[in-house]
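>>> here is a sequence together with a model predicted from it:
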Amino acid sequence: MTENRPKRFRLYIDESGDHTYNLLDDPSHRYLALLGVWFQQGEDYVEFSDRLESLKRDIFGPRPDKPVILHRSDIINRKGPFGILCNPSIQRKFDKGLLEVIEDAKFKMACVIIDKKKHLDNYSSPFHPYHYCMASMLERFCGRLRFLNAVGDVLAESRGKEEDLQLRQAYERVFESGTHWFSHEDFQRTLTSKKIKIQPKVANIAGLQLADVLAHPIKQGMLAEKGLIKDAGKAFGEEVREVTMKKWNSRAATQQVDGYGKKWL
């Protein structure tokens, strides 16, 4: 009987940028990106998680009671255990290992970017920007699930009481009411839970760490493609974009990424 069960996927999400409508002349504040990566649950995800933990043990040593959690700002600022990356040879080993883990992992990704300034100019009472991004991300995830005749759920990292409430509301609005393009029945047929799952950073969830590492460089790459920033960032960010080129969600028939993996609001 188990072979008749639909495949199950999990979407892990993270954002780059802030949720407010303040300081919108600054590109770092004007654009909010929501990045999602999804894995088929089971062997694909377990293999990725095991390899990521193996890399961390290799670089930072065994830490059974206080595992190292990959967080982009901590890595860049060499905070906590990432201070060891001040050693150039260790940094190169870490970067190379992480890029290999990402490239070999079996996942798909989508990134939704909202121009908050344009939305504020066009709507007198715009929704919270996260609501727009969440709706668009779920359309892409559930569209893929529908194509695969699969089901799935969504996991995000806890950000604080107010932020978590906004996240839950954004998800539940879509699940209960649908969107312009997808009915609530479409979402409820593919999503296995009416509530988003939220876990703290200390839970050491591999999918959330991947989304955290990817969100900023993927956003910067998309902004640069549109000529909205001059420089997407060199070095590691460019390498991240290169190893994820084949990870984009796309239209099955044509492999079109625009509108499927990359979405602008």
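Received it, and whenever you're ready, just let me know what you need.
>>> so what does the least confident helix or strand in the chain by mean pLDDT touch, helix or strand wise?
Lowest mean confidence among the helices and strands of the chain (mean pLDDT, DSSP states H and E): helix 27-30, at a mean of 77. Where contact means 3 or more Cβ pairs under 8 Å, 6 or more residues apart in numbering; DSSP states H and E, helix 27-30 is packed against helix 116-122. All C-beta spots, glycine's among them, are computed from the backbone N, C-alpha and C.
>>> please repeat the previous calculation with a cut-off of 10 Å.
Under the contact definition 3 or more Cβ pairs under 10 Å, 6 or more residues apart in numbering; DSSP states H and E, helix 27-30 sits against helix 116-122, helix 206-225.
>>> so which bits of that helix are buried?
For helix 27-30, the neighbour count (16 or more other Cβ atoms under 10 Å) marks His29, Arg30 as buried.
>>> swap in stretch 225-236?
Neighbour count says stretch 225-236 has Ile229, Ala232, Phe236 buried, by 16+ other Cβ under 10 Å.
>>> export the residues you listed to JSON lines and tack on pLDDT?
Putting the buried residues of stretch 225-236 into JSON lines (pLDDT from 0 to 100) gives the following:
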{"residue": "Ile229", "pLDDT": "87"}
{"residue": "Ala232", "pLDDT": "72"}
{"residue": "Phe236", "pLDDT": "90"}
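>>> just the ones of those in helices?
Of the buried residues of stretch 225-236, the ones assigned to helices by DSSP state H are Phe236.
>>> which one among the buried residues of stretch 225-236 gets closest to Arg189?
Ala232 (37.7 Å; Cβ to Cβ).
>>> tell me how far the spatially closest residue to the closest one that is not a sequence neighbour lies from Asp115.
Of all residues not flanking Ala232 in the chain, Ala224 sits nearest, at 3.6 Å (Cβ to Cβ, 6 or more residues apart in numbering). Separation of Ala224 from Asp115 (Cβ to Cβ, to the nearest Å): 15 Å.
>>> between the two, which one's more packed in?
Legend: neighbour count by other Cβ atoms under 10 Å for Ala224 and Asp115, higher for Asp115 (18 against 15).
>>> which stretch among the helices and strands packed on helix 27-30 comes nearest Asp58?
helix 206-225 (15.4 Å).
>>> which positions in the closest one come out as buried?
Going by 16+ other Cβ under 10 Å, helix 206-225 has these buried residues: 206-223.
>>> all strands of the stretch 151-265 of the chain, in order?
Here the stretch 151-265 of the chain has its strands, by DSSP state E, counting those that start in this stretch, at 151-157, 197-199, 262-264.
>>> OK, contacts around Ala156?
Contact analysis of Ala156 by Cβ atoms under 10 Å, 6 or more residues apart in numbering lists 11-15, 34, 36, 134, 163-164, 167-168, 170-171, 196-199, 205, 208, 211.
>>> the residues you listed, buried ones only, as a PyMOL selection?
Listed next is the PyMOL selection for buried residues among the contacts of Ala156, using 16+ other Cβ under 10 Å:
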select buried, resi 11+12+13+14+15+34+36+134+163+167+170+171+196+198+205+208+211
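>>> if you look at the contacts of Ala156, which of them are in helices?
Per DSSP H, those map to helices at Met134, Glu163, Asp164, Leu167, Arg168, Ala170, Tyr171, Leu208, Ala211.
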